[in-house]
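Participant: Sequence below, structure please.
(chains A and B)
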Amino acid sequence: MSIDTTPKQSWWNRIAHPGQFVAWTTPLLWPLTILTAVLFVVGLWFAFFNSPEDYQMGDTVRIMYVHVPNAWLSQFVYGVMAVSALGTLVWRHPMADVSMKAAAPLGALFTALALFTGALWGRPTWGTFWEWDGRMTSTLVLLFIYLGIVALWRAFDDQLRAARVIAVFTLIGAVNIPIIKFSVDWWSTLHQPASVFRADGPTMPGSILTPLFVMFFAFTFLFITLQLKAMHTEVRRRRVMTLQRKAAQGSTA
Amino acid sequence: MSAFRAMLVRELRLARRGGGDVLTLVLFFIIVGAIVPFAVGPDRELLARIAPGMVWIAAFLAMLLGLDRLFRPDHEDGSLILLRQADLPLSAVVAAKLITHWLVSALPLIVASPFLAMLLAMDVETFWRMLISLLVGTPALAAFGAVGAAVTVAIRRGGLIAPILVAPLSIPVLIFGTGSISATQSSAALLFLAALSLMAVALAPFAAALAISSGED
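Facilitator: As a prediction, the model looks like this:
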């Protein structure tokens, strides 16, 4: 292989080559999948059988073990996208493009799940599926931004050009999301001065914290696994497109 | 500086000779506002209560509608490529376009807003607050719009997708815009709105220029 003759081959350069990236990270996929599955089994067992009911919310408190990790991922995935966008713009790293593209639908999914589980939880505890509360509203806006980015990816024909444009937009979004968050908080406190529900409920005992942490890691590892797999798929999709283009050129020549 | 002024003159001349675009936007703005009573009923008290929000929504939609002519005609006839090669930095070109975009698509709306205020039964005091909030807030809408237009200029059907991208980013403008019309919170909201406008106008030319040059080569 000609790659071996290059003078320095750090891991950074090695993963810059899409084929090498796939070859290098494929052995990680199965261990990650198994780890995710084990974490989910342990976490769900804790959540369903080994954690107390809340004295106010009863069994519905168990929705929290799914809701909170999704809410955390909805923001974490945007962070991954923003870092990948920097990688695209600053280092022109080829795998940063792929990581950015793979993360967008996953982020939209986790954000939608956070909203969905939140609505399910809100119905029995607050008596409503939806409330224009600051945190929910800004999560909804975040979902719109994710979906806009997904739509943007689908609108471009040339994915390499798309990556740089979308990287610019992702970073603009990263600057703007705190502003949106702040303005929405300002707005919702203006609209509902005395909330029915308070965020600072009962302080959490360890029996609730344990399953929460396990589920938190389970979902985070689920994201990492799905992200790796989606990146592999994207690399292969691009290779297929290149081959198709070559075949089309060959048939016309 | 003369190149910058030449850009401004060029854009204004294009807008003037381009036909009835400005009038169409104003008409759209008025019609959106005038449709509201048909949907919610002609109750004057209710109309007066929702009027500030309706004026902001009409202005927001009208400015989204005008986005597509910001960079697309220049992209299609190739002058955007020439502008990128000019001595004037692309961010200055975008800044000139942003200023003229505000002059031809936001200022006419503000001039036309008294009609809408009348149709929506707004009282005089609210009207003045609305006028100030539109004057302070529309630059931010134009700036976010310019970013959205720049991101989508390389896409053939980008006119449809730009509003989807711009709308979530513009939510703070709407919040502080309508907040600055309400009687109780107006001064704080107006200051936030002004800060948002200044920041967006200062940063948008660079971001839009970066998006254009990454998408074009």
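
Participant: Mind giving me the packing neighbours of the lowest-mean-pLDDT helix or strand in chain A?
Facilitator: Scoring the helices and strands of chain A by mean pLDDT, DSSP states H and E places helix A:11-14 at the bottom, with a mean of 72. In this structure, helix A:11-14 packs against helix A:18-49, with contacts taken as 3 or more CB pairs under 8 Å, 6 or more residues apart in numbering or on different chains; DSSP states H and E. Any C-beta I mention is one placed from the backbone N, CA and C, and that applies to glycine too.

Participant: Could you tell me which residues within the helix it packs on count as buried?
Facilitator: Taking 16 or more other CB atoms under 10 Å in any protein chain shown as the basis for neighbour counts, the residues of helix A:18-49 that come out buried are A:18, A:20-22, A:25, A:32-33, A:35-36, A:39-40, A:42-44, A:46-47.

Participant: Of these, which is the nearest to chain B?
Facilitator: When those are compared for distance to chain B (CB to the nearest CB), A:Pro18 comes out closest, at 20.5 Å.

Participant: where are the low-confidence patches of the chain?
Facilitator: Answering for chain A, as no chain was given. Chain A contains residues with pLDDT under 70 at A:1-9, A:54-57, A:190-206, A:252-253.

Participant: nope, chain B please
Facilitator: Across chain B, the ranges flagged by pLDDT under 70 are B:1, B:19, B:158, B:183, B:185, B:217.

Participant: which other residues reach stretch A:127-146?
Facilitator: Judged by CB atoms under 8 Å, 6 or more residues apart in numbering or on different chains, the contacts made with stretch A:127-146 from elsewhere in the structure are A:71, A:74-75, A:78, A:104, A:107-108, A:111-112, A:114-115, A:118-119, A:122-123, A:173, A:177, A:180-181, A:184-185, A:187-189, A:191-192, A:195, A:199, B:164, B:167-169, B:171.

Participant: Chain B against chain A: which residues are in contact?
Facilitator: Near chain A, the residues belonging to chain B are B:147, B:151-152, B:154-155, B:157-158, B:161, B:164-165, B:167-169, B:171-172, B:175-176, B:179, B:185, B:192, B:196, B:203, B:207, B:210-211, B:214-215, B:217 when assessed by CB under 8 Å from any CB of the partner chain.

Participant: Which ChimeraX command selects the buried ones in those?
Facilitator: The ChimeraX command for the buried members of these (criterion: 16+ other CB under 10 Å) is given here:
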select /B:147,151,152,154,155,158,161,164,165,167,168,169,171,172,175,176,179,185,192,196,207,210,211,214,215
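
Participant: So which of the residues of chain B next to chain A belong to strands?
Facilitator: Helix and strand membership here follows DSSP state E; of those, not one is in strands.

Participant: Just the ones in helices from the residues of chain B next to chain A, please.
Facilitator: Judged by DSSP state H, the subset of these located in helices is B:147, B:151-152, B:158, B:161, B:164-165, B:167-169, B:171-172, B:175-176, B:179, B:192, B:196, B:203, B:207, B:210-211, B:214-215.

Participant: so the longest helix along chain A versus helix A:18-49, what angle?
Facilitator: Longest helix in chain A by number of residues, with DSSP H as the criterion: helix A:206-252. Inter-element angle recorded for helix A:206-252 and helix A:18-49: 150 degrees (by axes from the mean of the first three to the mean of the last three CA atoms, to 10 degrees).

Participant: and helix A:206-252, what does it pack onto?
Facilitator: Under the contact rule (3+ CB pairs under 8 Å, 6+ apart), helix A:206-252 is packed against helix A:18-49, helix A:64-86, helix A:94-126.

Participant: in the last one, what's buried?
Facilitator: Of the residues in helix A:94-126, those buried under the neighbour-count criterion (16+ other CB under 10 Å) are A:94-115, A:117-118, A:121-122, A:125.

Participant: cool, the second one as well?
Facilitator: Applying a neighbour-count criterion of 16+ other CB under 10 Å, one finds A:64-78, A:80-86 buried in helix A:64-86.

Participant: how about the residues of the stretch 51-200 of chain A that lie near chain B?
Facilitator: If contact is defined as CB under 8 Å from any CB, the residues of the stretch 51-200 of chain A in contact with chain B are A:89, A:141, A:144-145, A:147-148, A:151-152, A:155-156, A:161, A:164-169, A:172-173, A:175-176, A:179-180, A:182-184, A:186-187, A:190.

Participant: Which of these fall in helices?
Facilitator: A:141, A:144-145, A:147-148, A:151-152, A:155, A:161, A:164-169, A:172-173, A:175-176, A:179-180, A:182-184, A:186-187, A:190.

Participant: List only buried entries from those.
Facilitator: With burial judged by 16+ other CB under 10 Å, the buried subset of those is A:141, A:144-145, A:147-148, A:152, A:155, A:161, A:164-169, A:172-173, A:176, A:179-180, A:183-184, A:186-187.

Participant: wait, what's in contact with B:Ala15?
Facilitator: When contacts are counted by CB under 8 Å, 6+ apart, B:Ala15 is found next to B:Asp21, B:Val22, B:Thr100, B:Leu103, B:Val104.

Participant: Tell me if the second one really is in a helix.
Facilitator: Meaning B:Val22. Yes - under DSSP: H, G, I helix; E, B strand; the rest coil, B:Val22 sits within a helix.

Participant: From what I see, A:Ala104 and A:Val150 are in contact.
Facilitator: Yes - proximity of A:Ala104 to A:Val150 meets the contact threshold set by CB atoms under 8 Å, at 5.0 Å.

Participant: As a check, name the ranges of all helices in chain B.
Facilitator: Listed in chain order, the helices of chain B (DSSP H) span B:2-17, B:21-40, B:44-65, B:72-76, B:79-85, B:90-105, B:107-119, B:124-152, B:158-169, B:171-179, B:186-216.

Participant: Out of those helices, which gets nearest to A:Thr225?
Facilitator: Each of those was checked against A:Thr225 via CB to CB, and the shortest separation belongs to helix B:158-169, namely 28.9 Å.

Participant: ok and that closest one relative to helix B:186-216, angle-wise?
Facilitator: For helix B:158-169 against helix B:186-216, the angle between stretch directions is 140 degrees (the same axes, to 10 degrees).

Participant: Can I get helix B:158-169 as PDB, trimmed to CA atoms?
Facilitator: Presented in PDB, the C-alpha positions along helix B:158-169 are these (Å, rounded to 0.1, in the frame of the first residue of the first chain):
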ATOM      1  CA  GLY B 158     -33.400  26.800  -2.500                       C
ATOM      2  CA  GLY B 159     -36.300  29.400  -2.400                       C
ATOM      3  CA  LEU B 160     -38.400  26.900  -0.600                       C
ATOM      4  CA  ILE B 161     -35.900  25.800   2.000                       C
ATOM      5  CA  ALA B 162     -34.500  29.200   3.100                       C
ATOM      6  CA  PRO B 163     -37.700  30.100   5.100                       C
ATOM      7  CA  ILE B 164     -37.500  26.800   6.900                       C
ATOM      8  CA  LEU B 165     -34.000  27.600   8.000                       C
ATOM      9  CA  VAL B 166     -34.600  31.300   8.800                       C
ATOM     10  CA  ALA B 167     -37.800  30.900  10.800                       C
ATOM     11  CA  PRO B 168     -36.400  29.100  13.900                       C
ATOM     12  CA  LEU B 169     -33.400  31.500  14.000                       C
END
